[in-house]
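Asks: show me the folded form of this:
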Amino acid sequence: MDNKIIRWIGWMGCVLLLASCKSGDEYEAALPRDAALVVSFNPVSIVEKSGLSGEEGKAKVQRLGDALKSGMQGSGQLVDKVMENPSESGIDFRKKVYLFVESQSVSAGVLARVSDAGKLESLLEVLGKQQICDVLTQEEGYTWTTMGNWLVAYTSDALLVLADPNGGVPQDLCHTASMLLRQKKADGYCATSDFEKIKAGKGDIVALTSLDMLPGQYVSPVLMGASGGLELKDIKTLADVTFSQGKMRIDFTNLTTGQVMKQLQEKQAQAFGKIEGTYLDKFPANTGFWMSMHIDGKKIYEILCKHPLLNSQLENSMMPIDFESVLGSMKGDMAVAGNPVSGKFIAYADVTDDRFLQTFENLKPLLALTGGRMQLVSRGATGYEFRVSDGSMLGVRPGYQVWWFGVSNGRFYVTNQVDWIDAFVPGQTLRDCPWGKQVEGNLLYWGMNLESAVEEAGQTYGALSEWKQALGFLQGLDYLTFVMEDMNKSRLELVMKDSDRNILQSLLGAIN
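Replies: Below is the predicted model of the structure:
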């Protein structure tokens, strides 16, 4: 046999062998190494849990297809093919889809695996005829087009959709797209330990973010004086989102690696203790929202004083209040509760004594200069009534307002509902709520009775047409909770009234 033919057969054999060894995850190499936010979506799981893959979902899919065809004249056949079999788009939705934002938000993008570049090209050509995107341009190693403010670029492995959050021209991102699409796994985000944590996530959506995603001007004032060695990219959180029967749960894990920030968090942890649940019995079960934590006010004040910006505000405040005395007296459980729609609220905090109230006497001469627009009136030995006729002076909503604050039964209170102070709850309390037994022993617990909030919103805004659709969508919601177990673990849960269906099915049904 001719040696050239033998070499050709050998070369083709190597190519076929290499092709068969491809894992299908090569597209992940295009994730930028400096990504400050990476979100991984599991399309198959999300579609199945939404009920779109079964008989019940066919009608919804058909309606979506009809809506698309109505805006794409002459392309109905292709739309039908893609809606019936998403792989006809040329995109492999069996693989994870990634959303990312680069450091300092210089660019944002979506990454997906390409299963058939020819089918993807056909889809984009149809979109081009509909003037949804521009004509395809062939570059060395990849193809690109623009779609509004987005740059769409792809190879035989990866589809990359990029945009500049700062409003830049999409064509300016061609160089970025070229670099990312040619990038090897060892050079990108895939080579980092953060990506390993995302891959290990069990949720339908897994996200890892750092403060480095935000432009420096937004976070520098907050972190001012923390330490010169503090790196924003070291302050990281992993979020694992799971959709299940009647519930959505997000588990947060603190992945901060910088020693400076770890030390700061350890100091902050000393100012907080485990919630004892003191105030669960102070409110009825249908309370709109409730939040509680266990604090050491003296240590909180010490932390605030070590922050240059906050310390400056405390020292140079125009308010003649002894903040150290006020905060220093608070030790134990505290809680804030009320109704989110009406704005009614009350806050409680355990205090060691009430002598700090004397500091508010110093406010009276200052308020006398407002010409009656703000007044502080004593109500007994341990209570005050604060009247405001011009809320703009405090940056609050306009109109006449009255707040009451003071100490009663060893508890400091602030409220805009005087009849709530030490009110007796005759029936079920928050302790009887589904989440009431989960409160004690955590650093922070926040609960919101969505059914009660929706009912109140319906009474207040139900007659307004723009609210009707939103209220209808919210009807199926039961409650929302957020709990911080310790400085490293926390979770959020959104619960529906219908616990027999996956929450995605319930939400999708409400939309339709």
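Asks: and the helices in the stretch 401-512 of the chain?
Replies: For the stretch 401-512 of the chain, the helices defined by DSSP state H, counting those that start in this stretch cover 450-461, 465-474, 503-511.
Asks: who's in contact with the first one?
Replies: If you take CB atoms under 8 Å, 6 or more residues apart in numbering as the criterion, helix 450-461 is touched by 286-289, 339-342, 467, 471, 474-475, 477-480, 497. Backbone N, C-alpha and C define where each C-beta goes, glycine included.
Asks: so how do I select the buried members of those in PyMOL?
Replies: Here is the PyMOL command that selects only those of the contacts of helix 450-461 that count as buried (16 or more other CB atoms under 10 Å):
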select buried, resi 286+287+288+289+339+340+341+474+477+478+479+480
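Asks: in strands only, show me the contacts of helix 450-461.
Replies: Mapping the contacts of helix 450-461 onto strands (DSSP state E) picks out 289, 477, 478, 479, 480.
Asks: show me the strands in the stretch 1-150 of the chain, by range?
Replies: Assigned by DSSP state E, counting those that start in this stretch, the strands in the stretch 1-150 of the chain fall at 35-41, 97-102, 108-113, 137-139, 142-147, 150-154.
Asks: could you check the angle the longest one makes with strand 108-113?
Replies: What that stands for is strand 35-41. Angle, strand 35-41 to strand 108-113, by axes from the mean of the first three to the mean of the last three CA atoms, to 10 degrees: 40 degrees.
Asks: what's the angle between strand 35-41 and strand 97-102?
Replies: Going by the same axes, to 10 degrees, strand 35-41 makes 170 degrees with strand 97-102.
Asks: adjust the sequence numbering to begin at 23 for everything that follows.
Replies: Will do, 23 is the new start, and the previous item becomes strand 57-63.
Asks: so for strand 57-63, mean pLDDT?
Replies: For strand 57-63, the mean per-residue pLDDT is 95.
Asks: in its sheet, what does it sit against?
Replies: strand 119-124 (antiparallel), strand 227-232 (antiparallel) (DSSP bridges).
Asks: please save the CA atoms from the last one in PDB.
Replies: Below are the C-alpha coordinates for strand 227-232, written out as PDB (Å, rounded to 0.1, in the frame of the first residue of the first chain):
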ATOM      1  CA  ILE A 227     -28.600  27.000  39.700                       C
ATOM      2  CA  VAL A 228     -25.200  27.500  41.300                       C
ATOM      3  CA  ALA A 229     -23.500  30.900  41.600                       C
ATOM      4  CA  LEU A 230     -20.200  32.100  43.000                       C
ATOM      5  CA  THR A 231     -19.600  35.800  43.300                       C
ATOM      6  CA  SER A 232     -17.000  38.200  44.800                       C
END
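Asks: quick one: contacts of that strand?
Replies: Strand 227-232 is contacted from outside by 58-64, 68, 216, 219-220, 254-263, 277, using CB under 8 Å, 6+ apart.
Asks: quick check: ChimeraX command selecting the buried ones in those.
Replies: Selection command for ChimeraX covering only the buried members of the contacts of strand 227-232, criterion 16+ other CB under 10 Å:
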select :58,59,60,61,62,63,64,68,216,219,220,254,256,257,258,259,260,261,262,263,277
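Asks: among the contacts of strand 227-232, which ones are in helices?
Replies: 68, 216, 219, 220 (DSSP state H).
Asks: returning to what we had before: closest one to residue 428 among the strands of the stretch 23-172 of the chain?
Replies: Across these, residue 428 has its closest neighbour in strand 57-63 (45.3 Å, CB to CB).
Asks: least reliable of the helices of the stretch 423-534 of the chain by average pLDDT, please.
Replies: Comparing mean pLDDT across the helices of the stretch 423-534 of the chain, the lowest value falls on helix 487-496: a mean of 58.
Asks: walk me through the domains of this structure.
Replies: In the domain annotation for the chain, the residue ranges read 46-219, 292-497 (automatic domain parsing).
Asks: where in the protein is pLDDT low?
Replies: Across the chain, residues meeting the criterion (pLDDT under 70) sit at 23-45, 76-101, 237-251, 331, 336, 338-340, 413-421, 483-495, 532-534.
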